[in-house]
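Colleague: Please work out how this folds:
(one chain, ligands or ions: 1)
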Amino acid sequence: MKVLSVKAHSREYEIVIEKDFSHLGEKVKGVFHGKLLAVYDQNTHPLFADEIKKELSHVELLEFILPAGEETKSIQNYAKLLSFLAENGFTRKDGILAVGGGVIGDLCGFVASTYMRGIAYLACPTTLLSCVDSSVGGKTAVNLAEGKNLVGAFYAPSLVYVSLSSLSTLPQREVECGFGEIVKYAFLDREVSEGDIKRGITEEIILKCLNIKKRFVENDEFDKGERAKLNLGHTFGHAVESLSYYNYSHGLCVAKGIDKIIDISCKYYGYGEDKREQFKGLLSSVDFALSIDYSRQDLLDKIKIDKKAESGAVSLVLIKEIGNTEVVKMPLDKLEELI
Ligand SMILES: NC(=O)c1ccc[n+]([C@@H]2O[C@H](COP(=O)([O-])OP(=O)(O)OC[C@H]3O[C@@H](n4cnc5c(N)ncnc54)[C@H](O)[C@@H]3O)[C@@H](O)[C@H]2O)c1
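Modeller: Residues are numbered from 1 along each chain as shown. Okay, the predicted model is just below:
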């Protein structure tokens, strides 16, 4: 078992990385003693509910199953979960356990942050993306018809429990999705190397990514500065994701976004071909099709309506060196010139 302790400003909590769910019971006991609502989606319930029920046999455990997919992160499901908690007499000493990817995690975290002004939130992330990224850091949210993640709160979990065996059932698209975020960590911090990435899903790489995320969260829990660097590749990534009508996985779009940022960074800092090759070499450790099939104008139009394009400028995370990135407020006309 590996345990990381996140000392965030709002709360200190453990991230447990274990081969299976066999220590979930003892870890839950360590943080809380009330009853628990375990929330699954339709894919994670058949895979993990029996095991979790067995491990949490000492806990009064209720279940709630939602459809899989981004649409689940809605105000309607948020309200349904709140009503379910109230109907079943949940009080401030009780809690909610998310078993799934970032969708279930973001939704449950937001429910936990607001039900009775805050109840315990525990997470068993089961996608690679949620293990290395979304389950840690306390960003919770639901979507509105007007846009993604428009309603949410910062609310740190009381426990994050990663069962490595749960990742063995992931479809290839979800593995790819996780590696898009993992290669991002490799650009942010040299702790994750090309070799680590080439070895695939290992405890070591998950631990390294979580360590990097932990440091960002401890230094800037409420996203006022340094944490913005975790958006590397995301400005172009979100534009491509939206132009593809979400046919490409989020992680693939992040990798395509990083590819664009490499070109822009090299022009911005005046780097030569050697540096560009070095950056592209690291990115190619994930075997993704990196070309972007959309025009420069389509990308710029999307970026302009992105929430980051404020007063004619966009915040971009640029790569100075591998392991050294910088947030640059770039005027849109300058971006047009560099893209
Ligand atoms: N809070 C944050 O800091 C943060 C960071 C990044 C992304 N996010 C959010 O995370 C969400 C995306 O999360 P995601 O990529 O985990 O997607 P997801 O939660 O939609 O899961 C992807 C698919 O994998 C299935 N699945 C989950 N675990 C499985 C398993 N072990 N085996 C087989 N199938 C499994 C799910 O049912 C779903 O169909 C987005 O809403 C995004 O906004 C949040």
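Colleague: alpha carbons only for contacts and neighbour counts from here, please
Modeller: Fine.
Colleague: so which strand or helix has residue 175?
Modeller: helix 172-188 (DSSP states H and E).
Colleague: Can you show me the CA trace of that helix as CSV?
Modeller: Extracted in CSV, the C-alpha atoms of helix 172-188 (Å, rounded to 0.1, in the frame of the first residue of the first chain):
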residue,chain,number,x,y,z
GLN,A,172,-8.7,1.6,-24.7
ARG,A,173,-10.3,5.1,-25.1
GLU,A,174,-10.3,5.7,-21.4
VAL,A,175,-6.7,4.5,-21.1
GLU,A,176,-5.7,6.9,-23.8
CYS,A,177,-7.7,9.6,-22.0
GLY,A,178,-5.6,9.1,-18.9
PHE,A,179,-2.3,9.1,-20.8
GLY,A,180,-3.1,12.5,-22.3
GLU,A,181,-3.1,13.9,-18.8
ILE,A,182,-0.1,11.9,-17.8
VAL,A,183,2.1,13.3,-20.6
LYS,A,184,1.0,16.7,-19.4
TYR,A,185,2.5,15.9,-16.0
ALA,A,186,5.7,14.9,-17.7
PHE,A,187,6.0,18.4,-19.2
LEU,A,188,5.2,20.1,-15.9
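Colleague: Give the buried residues for that helix.
Modeller: By 16 or more other Cα atoms under 10 Å, the buried positions in helix 172-188 come out as 174-188.
Colleague: residues from the stretch 101-250 of the chain in reach of the ligand?
Modeller: With Cα under 6 Å from any ligand atom as the criterion, the stretch 101-250 of the chain comes near the ligand at residues 101-104, 106, 126-127, 129-130, 133-134, 139-140, 166-167, 169-170.
Colleague: Counting neighbours, which of those end up buried?
Modeller: For these, a neighbour count by 16+ other Cα under 10 Å gives the buried set as 101-104, 106, 126-127, 129-130, 133-134, 139-140, 166-167.
Colleague: Which single one of those is nearest to residue 294?
Modeller: Taking Cα to Cα as the measure, residue 294 lies nearest residue 129 of these, at 25.3 Å.
Colleague: Mind splitting the chain into its structural domains?
Modeller: Following automatic domain parsing, one gets these domains for the chain: 2-170, 222-338.
Colleague: got the buried residues for the helix or strand encompassing residue 151?
Modeller: Following DSSP H and E, one finds residue 151 within strand 147-154. Across strand 147-154, burial judged by 16+ other Cα under 10 Å covers 149, 152, 153, 154.
Colleague: List the residues that contact the second one.
Modeller: By Cα atoms under 8 Å, 6 or more residues apart in numbering, the residues touching residue 152 are 110, 139, 140, 141, 142.
Colleague: Output the residues you listed as TSV; include the columns distance to residue 160, secondary structure and pLDDT.
Modeller: As requested, these are exported to TSV (distance: Cα to Cα, whole Å; DSSP: H, G, I helix; E, B strand; the rest coil; pLDDT from 0 to 100):
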residue	distance to residue 160	secondary structure	pLDDT
110	15	helix	98
139	14	strand	97
140	14	strand	98
141	17	strand	97
142	20	strand	96
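Colleague: and which of those is nearest to the ligand?
Modeller: residue 139 (4.3 Å; Cα to the nearest ligand atom).
Colleague: Not counting sequence-adjacent ones, nearest residue to the closest one?
Modeller: In space, and not counting its chain neighbours, residue 139 is closest to residue 154: 4.9 Å by Cα to Cα, 6 or more residues apart in numbering.
Colleague: Okay, helices next: where are they in the stretch 201-339 of the chain?
Modeller: Along the stretch 201-339 of the chain, counting by DSSP state H, counting those that start in this stretch, helices occupy 203-219, 234-243, 250-269, 273-283, 296-305, 332-338.
Colleague: hang on, the earlier thing: just give me the closest of the buried residues of helix 172-188 to residue 12.
Modeller: Nearest to residue 12, judged by Cα to Cα, of the buried residues of helix 172-188 is residue 185 at 22.8 Å.
Colleague: distance of that closest one from residue 178?
Modeller: 11 Å (Cα to Cα, to the nearest Å).
Colleague: circling back: the helices of the stretch 201-339 of the chain into TSV, with extra columns for distance to residue 90?
Modeller: TSV is the format used below for the helices of the stretch 201-339 of the chain (distance: least, Cα to Cα, whole Å):
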stretch	distance to residue 90
helix 203-219	30
helix 234-243	37
helix 250-269	35
helix 273-283	47
helix 296-305	41
helix 332-338	49
